[in-house]
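Student: return atomic coordinates for the entry below.
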Amino acid sequence: MAFTAQDVGKLREQTGAGMMDCKKALTHTDGDMTKAVAYLREQGISVAAKKADRLASEGAVAAFVDANGKMGAVVELNCETDFVAKNDDFVGLCNELAKHIANSQATNVEQLLEETHQSGVTVSAHITNCIAKIGEKISVRRFERFATDGHLGSYIHMGGKMGVVVAFDCDGNASGAEFDAMCHDVAMHIAAFRPSYVISEQVPTAELENEKEILRNQALNEGKPAQVVDKMVEGRVKKYYKDVCLVDQDFAKDPSITVGKYIDTVASKLGAKIVASRFVLYVMGEGLEKKTDNLAEEVAKMTQKEEPKQAAPAPKAAAAKKPAAKKPAEKKAPAKKPATKKK
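Tutor: So this is what the prediction gives:
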């Protein structure tokens, strides 16, 4: 079956594959578009397999909250380079997976990859297709799903470098522009100050006791009397809570009040009950090994691959020492004959 340049263009638009790859696929399948798509997918799988051992330490964090603020998700996707992390296709994949996860029942990455994507294939196969199109290894690192009877807020920082989803327990009076702004601002504060817990009661007992022991030893090492150390520790624990607990932190947009006080103020204005209950903060690449490239070395490697290697020249034999050139013999003046006496 013959095919035209328009067929090649159509296949390229449909699959995102390169022009020559599309032409090769149509040639291989005698111009059958459906088989050509399948062929490219098969090729994509082999391409993806070759990329599987690459280091994917760049990427982006995406968040999704539905229109009602009841369901949401935050997900981190990794790729190989910062350039691809800003690519529209990669960003689109991040956002659509965040939306998929919000409506998913998966509890881990393995389950997520086996679910059916809206395109009709598994999430794993969909990512593989994107790998073939984008040209880099892509992997889902982690995700968290939210479902609440209250309301969700979200915030993405610097195009996906950080992402937050925060949940609030609230009643029906919690609505409107001011409430939505509060949800967004609290999420933004979390990205800026990175608390570990919402309230002090969430701090694990073992962690708190360990912190108290450190603070107690600090006071003793400062030479403080033993009878006042416990009171000093109590005061320093409050400062510790301000470091790790959301509601005890000074609010990013108004440090004169705490985040808890800000939430209470908005709740009072609206005549509503609003309590922050849970949040997840993802920092892209946190804890991942980073790949460092040396541009000069990379260019050198590419040059070596492109240029055929030349046979190494045979080692030169040690040059024999030439005998020192003899100086030409000096011509001696002919000996004068003794003059003969005349008789």
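
Student: quick one: the strands in the stretch 201-343 of the chain?
Tutor: 250-251, 254-258, 274-283 (DSSP state E, counting those that start in this stretch).

Student: show me where the protein has its helices.
Tutor: Applying DSSP state H to the chain gives helices spanning 5-15, 19-28, 33-51, 82-85, 88-102, 109-114, 123-134, 177-193, 205-221, 226-244, 259-270, 295-306.

Student: go through these and name the closest to Glu286.
Tutor: When these are compared by CB to CB, helix 177-193 sits nearest Glu286, at 12.7 Å. C-betas here are computed from N, CA, C, even on glycine.

Student: show me where pLDDT drops low in the stretch 101-250 of the chain?
Tutor: Scanning the stretch 101-250 of the chain for pLDDT under 70 picks out no residues.

Student: ok so, going back, so which of the helices of the chain is nearest Gly72?
Tutor: helix 88-102 (5.4 Å).

Student: the closest one vs helix 123-134, what angle?
Tutor: 170 degrees (axes from the mean of the first three to the mean of the last three CA atoms, to 10 degrees).

Student: need the strands of the stretch 201-343 of the chain in JSON lines with mean neighbour count and distance to Ala132, can you?
Tutor: Shown next, in JSON lines, are the strands of the stretch 201-343 of the chain (neighbours: other CB atoms under 10 Å; distance: least, CB to CB, whole Å):
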{"stretch": "strand 250-251", "mean neighbour count": "18", "distance to Ala132": "47"}
{"stretch": "strand 254-258", "mean neighbour count": "12", "distance to Ala132": "49"}
{"stretch": "strand 274-283", "mean neighbour count": "20", "distance to Ala132": "27"}
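
Student: out of these, flag the one nearest Lys137.
Tutor: Among those, strand 274-283 sits nearest to Lys137 (CB to CB), with 19.4 Å.

Student: and Gly120, how far from His126?
Tutor: 9 Å (CB to CB, to the nearest Å).

Student: can you tell which of the helices of the chain is closest to Asp171?
Tutor: The nearest among the helices of the chain, by CB to CB, is helix 259-270 at 9.4 Å.

Student: now do the buried residues in the closest one.
Tutor: Going by neighbour count (16 or more other CB atoms under 10 Å), the buried part of helix 259-270 is Val259, Gly260, Tyr262, Ile263, Val266, Ala267, Leu270.

Student: Thr15 is nearest to which of the strands of the stretch 201-343 of the chain?
Tutor: Once those are compared by CB to CB, strand 274-283 is nearest, at 31.0 Å.

Student: that closest one: partners in the sheet, and parallel or antiparallel?
Tutor: Strands that pair with strand 274-283, judged by DSSP bridges, come out as strand 162-170 (antiparallel).

Student: quick check: buried residues in the partner strand?
Tutor: By 16+ other CB under 10 Å, the buried positions in strand 162-170 come out as Met162, Gly163, Val164, Val165, Val166, Ala167, Phe168, Cys170.

Student: that older thread, name the residues contacting each of Gly120 and His126.
Tutor: With CB atoms under 8 Å, 6 or more residues apart in numbering applied, the contact sets of Gly120 and His126 do not overlap.

Student: pull out the buried residues from stretch 92-100.
Tutor: Taking 16+ other CB under 10 Å as the criterion, stretch 92-100 shows Leu93, Cys94, Asn95, Glu96, Leu97, Ala98, Lys99, His100 as buried.

Student: what's the closest of these to Tyr240?
Tutor: Ala98 (33.4 Å).

Student: so what's the closest residue to Val166 other than its chain neighbours up against?
Tutor: Spatially, and ignoring its direct neighbours in sequence, Val166 is nearest to Phe279 (4.0 Å; CB to CB, 6 or more residues apart in numbering). Neighbour list for Phe279: Val164, Val165, Val166, Ala167, Ala187, Ile190, Pro195, Val198, Leu246 [criterion: CB under 8 Å, 6+ apart].
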